[in-house]
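>>> The amino acid sequence is not available; the structure is as follows:
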């Protein structure tokens, strides 16, 4: 396989009919590390909307049990990517997501905004730090994927095109980003969680994370703006990484969120139906999400 073989396969597919296959290749073969970072940032952005940040603070799940909430969100969202919308694993994940959301009074507008962050932020991350940018088929497939997810989640008036998703996100942030004490607490807890993964390097990692935040987030959370030299160093390092990745051979096997070292809450395995809950005892060992269907390798060029 050559470096751009996956891209060539994507460009032969129909984004309307083959959207899941395209999205799965993009997320698990071409950009698994970048997608993880981008979706972390997507979820993080939502804390700057006071109605969302305040709710998350009130539930205390992101402040008292941030690792579990991080794991549950990543695993449930990724189960849909791995299994699709029709297979049992994906359907079970969507049921759990819907059950969790029904426990709270969340407006359709906030739900739609969160959907937009997941659709848009990967493209914006890859524009800056990816080893290549998304092609038109990938952007269109992403819009269909999240439009379909929104339908399964009962979200009304979901954007139709990728440009619609971007417009909806930008308009909502412009209108709703604002200071809130609860949102700031959730933000601090999330940054502390991510920095804590790196042990003694935690202060450096927290500073690096802050250097990736745009001005609208820094203002909403009332964080001190990082020094320009720190921002330049962090962002430059990510761009150097992208150049190195561009020279590497393509992945031949998919990489899913459950394989990420950041997922730490289920050392004995888990069942999708149990994610998002707090059972008195852990799931039986050896009950991980079943492996998804492999995407066929691209034709050799």
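Perfect, I can see it now. Fair warning: this is a prediction, and the values are worked out from it, not measured in the lab. Numbering: from 1, shown residues only.
>>> Please count neighbours and contacts with C-alpha atoms only from this point.
Fine.
>>> hey, where'd the helices end up in the stretch 201-301 of the chain?
Under the criterion DSSP state H, counting those that start in this stretch, the stretch 201-301 of the chain carries helices at the ranges 202-211, 215-221, 228-246.
>>> mind putting the ones you listed in JSON lines, distance to residue 1 and mean neighbour count included?
Shown next, in JSON lines, are the helices of the stretch 201-301 of the chain (distance: least, Cα to Cα, whole Å; neighbours: other Cα atoms under 10 Å):
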{"stretch": "helix 202-211", "distance to residue 1": "34", "mean neighbour count": "17"}
{"stretch": "helix 215-221", "distance to residue 1": "41", "mean neighbour count": "18"}
{"stretch": "helix 228-246", "distance to residue 1": "14", "mean neighbour count": "14"}
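>>> Nearest to residue 49, out of these?
helix 215-221 (8.5 Å; Cα to Cα).
>>> helices and strands around that closest one, which ones?
On a contact count with 3 or more Cα pairs under 8 Å, 6 or more residues apart in numbering; DSSP states H and E, helix 215-221 meets helix 181-196.
>>> mind listing what's buried in the helix it packs on?
Neighbour counts over helix 181-196 (16 or more other Cα atoms under 10 Å) mark 182-187, 189-195 as buried.
>>> mind checking how far the residue nearest to the spatial centre of the chain is from residue 204?
Most central in the chain under Cα atoms, centre = their mean is residue 39, positioned 2.1 Å from the mean C-alpha point. Plainly put, residue 39 is 21 Å away from residue 204 if you go by Cα to Cα, to the nearest Å.
>>> Give me the secondary structure label for residue 13.
Under DSSP: H, G, I helix; E, B strand; the rest coil, residue 13 falls in the coil class.
>>> Could I get the pLDDT score of the closest residue in space to residue 275 that isn't next to it in sequence?
In this structure, residue 275 finds its nearest non-sequential neighbour in residue 72, 5.5 Å apart by Cα to Cα, 6 or more residues apart in numbering. As predicted, residue 72 sits at a pLDDT of 94.
>>> which ones are touching residue 275?
Taking Cα atoms under 8 Å, 6 or more residues apart in numbering, we find residue 275 in contact with 72, 76, 96.
>>> Out of the residues you listed, which comes closest to residue 19?
Nearest to residue 19 among these, counting by Cα to Cα, is residue 76 at 19.0 Å.
>>> helix, strand or coil for the closest one?
Put simply, residue 76 is helix when judged by three-state DSSP.
>>> same question, residue 155
Reduced to three states by three-state DSSP, residue 155 is coil.
>>> For the remainder of this discussion, apply numbering that starts at 37.
Will do, 37 is the new start, and the previous item becomes residue 191.
>>> these two touch, right, it and residue 143?
No. Taking contacts as Cα atoms under 8 Å, residue 191 lies outside contact range of residue 143: 9.5 Å.
>>> Residue 211 - how many residues pack around it?
Using other Cα atoms under 10 Å, residue 211 is surrounded by 9 other residues.
>>> try residue 140
Residue 140 has 10 neighbouring residues, counting by other Cα under 10 Å.
>>> Equivalent analysis for residue 212, please.
Neighbour count for residue 212, taken as other Cα under 10 Å: 14.
>>> Now do the buried residues in the helix or strand that residue 208 is a member of.
Per DSSP states H and E, residue 208 falls inside helix 198-212. Using 16+ other Cα under 10 Å as the test for burial, helix 198-212 gives 198, 201, 202, 204, 205, 208, 209.
>>> before we move on, what about stretch 164-174?
Result for stretch 164-174 [16+ other Cα under 10 Å]: buried residues 165, 166, 167, 168, 170, 173, 174.
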